[in-house]
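Peer 1: Next input, structure requested:
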Amino acid sequence: MADQAERVDRRERVDRRRADRRERAGEGPPITALAMGIEVADRVFAPDLRERLARSVELSPLLLSGTLTTPGARAVLAETEILVTGWECPPLTPEILAGAPRLRAVVHAAGSVKPMVTDAVWDRGIVVSSAADANADPVVAFTIAAITFAAKGALSTAARYAAGWPPFTGRAGADARTIGVIGASRIGRRVIAALRASDTGCRVLLTDPYVSPAEAASLGVDLVDLPELCERSSIVTVHAPQLPETRGLLSEQMLKLIPDGGAVINTARGSLVDTEALARECGTGRLDAFLDVTDPEPLPPDHALLRLPNVLVTPHIAGAQGSEVRRLGEYAVAEVERFVAGAELRGRLLREELARLA
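Peer 2: Predicted coordinates:
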């Protein structure tokens, strides 16, 4: 009964706000709603961030969680001008958008918008922004840590530790300071910058069909094709988007080109690497692997990659986790403030860019 009374009270508050909005005839701050899972909203938007958001917009008291087709959700969407989305927000289909005639902007408090933003969003000319920049830094930090571990041969050495103090050998094979980056994406570029800023003297190779030689030079990398990158790199880190043409990019043939003692790091998408071929290469001890994503995801409990001592598989944790998720809320609130002020959005996405993004 208490829950029902709370829902009725929420609905009455929404109705009062709608009535006030009609009386103002379009004046005042834009009506804004949060659309994401309940736990997600609690983690990403702490009370102080919601209060800050409410200072620049009229924030709906009703959180849109689950389906957006309930009577309560429809009532909110009918007046919403800015929709702040997050994990667990369903796709914004033409049917849902038809019930949101005032909607002008979607601000995503997470990374990829592909599961949520449909063609109907772009067709309507709705502005789309993502907090992918805020989510990128944790992934970069995770990747650099994995590169450091790979260069030290940490997994294989740790596996031998129980048998006695193992000699330090690092990684065999190619020059351990040669690192191959697949994809000059938002994260790939940050990884390159972090590597170039380090004092390890590492050599960075890059493969990306959209990067010109001049741009590669400005990044401080050697632009090569994928086979050459695999042949020359002792550590290969994957940062390309998931596209039909990138599926299985690190194929069995490419993996075999990586020198003995090499390592593969994947924090992008599992489908970019041939899972079974990688399991075979790691199973021989020839390669190590650090995988935050897999294909399929999750892997079957009995999969070889989960049992090999020279493979570390983590459950998609490289992005914002724990206290880091607050960064997503802060970024999204700042984007809303910029939108209300008529300023340029830092995370704005364009339709033509989406195909090349994660």
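Peer 1: Show the residue spans covered by the helices in the stretch 251-358 of the chain.
Peer 2: Along the stretch 251-358 of the chain, counting by DSSP state H, counting those that start in this stretch, helices occupy 252-257, 275-283, 326-341.
Peer 1: and among those, the most buried is which?
Peer 2: helix 326-341 (a mean of 21; mean count of other Cβ atoms under 10 Å). C-beta: built from backbone N, CA, C; applies to glycine.
Peer 1: elements contacting it?
Peer 2: Helix 326-341 is packed against helix 38-44, helix 47-54, strand 82-85, strand 105-108, strand 127-130, helix 132-151, with contacts defined by 3 or more Cβ pairs under 8 Å, 6 or more residues apart in numbering; DSSP states H and E.
Peer 1: okay, the ones you listed in TSV with distance to P29 and mean pLDDT next?
Peer 2: Formatted as TSV, the helices and strands packed on helix 326-341 follow (distance: least, Cβ to Cβ, whole Å; pLDDT from 0 to 100):
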stretch	distance to P29	mean pLDDT
helix 38-44	20	96
helix 47-54	9	97
strand 82-85	10	98
strand 105-108	13	98
strand 127-130	17	98
helix 132-151	24	94
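Peer 1: Which one, of the helices of the stretch 251-358 of the chain, ends up nearest to G220?
Peer 2: For the helices of the stretch 251-358 of the chain, proximity to G220 was assessed by Cβ to Cβ; helix 252-257 is nearest, at 23.8 Å.
Peer 1: how about that closest one as CSV, C-alpha atoms only?
Peer 2: Extracted in CSV, the C-alpha atoms of helix 252-257 (Å, rounded to 0.1, in the frame of the first residue of the first chain):
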residue,chain,number,x,y,z
GLU,A,252,44.1,-17.3,-36.6
GLN,A,253,46.4,-16.1,-39.3
MET,A,254,47.1,-12.8,-37.7
LEU,A,255,47.6,-14.3,-34.2
LYS,A,256,50.2,-16.7,-35.6
LEU,A,257,52.2,-13.7,-36.9
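Peer 1: quick one: that helix to chain centroid distance?
Peer 2: The chain centroid and the centroid of helix 252-257 are separated by 27 Å under Cα atoms, centre = their mean, to the nearest Å.
Peer 1: Contacts for that helix next, please.
Peer 2: Outside of helix 252-257, the residues within contact range by Cβ atoms under 8 Å, 6 or more residues apart in numbering are L226, P227, C230, E231, V264, V273, D274, A277, L278, R280, E281, L287.
Peer 1: Can you add mean pLDDT and distance to V181 and give the helices of the stretch 251-358 of the chain back as a markdown table?
Peer 2: What follows is these, written out as a markdown table (pLDDT from 0 to 100; distance: least, Cβ to Cβ, whole Å):
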| stretch | mean pLDDT | distance to V181 |
| --- | --- | --- |
| helix 252-257 | 98 | 14 |
| helix 275-283 | 98 | 18 |
| helix 326-341 | 97 | 24 |
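Peer 1: Tabulate these (TSV), appending distance to A184.
Peer 2: Formatted as TSV, the helices of the stretch 251-358 of the chain follow (distance: least, Cβ to Cβ, whole Å):
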stretch	distance to A184
helix 252-257	18
helix 275-283	23
helix 326-341	22
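Peer 1: Figure out which of these is closest to A268.
Peer 2: Nearest of the helices of the stretch 251-358 of the chain (Cβ to Cβ): helix 275-283, 13.7 Å.
Peer 1: Need the contact partners of the closest one.
Peer 2: With Cβ under 8 Å, 6+ apart, helix 275-283 has contacts from 250-252, 255-256, 258, 264, 287-289, 294-296, 299, 303-305, 308, 310-311.
Peer 1: Need the buried ones from the residues you listed selected in PyMOL.
Peer 2: Buried residues among these (16 or more other Cβ atoms under 10 Å), as a PyMOL selection:
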select buried, resi 250+251+255+258+264+287+288+289+294+295+299+303+304+305+308+310+311
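Peer 1: that older thread, for G180, find the nearest of the helices and strands packed on helix 326-341.
Peer 2: It is, among these and with distance given as Cβ to Cβ, helix 132-151, at 10.8 Å.
Peer 1: List the buried residues for the helix or strand following that closest one?
Peer 2: Moving toward the C-terminus from helix 132-151, the next helix or strand (DSSP states H and E) is helix 154-160. By neighbour count on 16+ other Cβ under 10 Å, the buried set for helix 154-160 is A154, L155, S156, T157.
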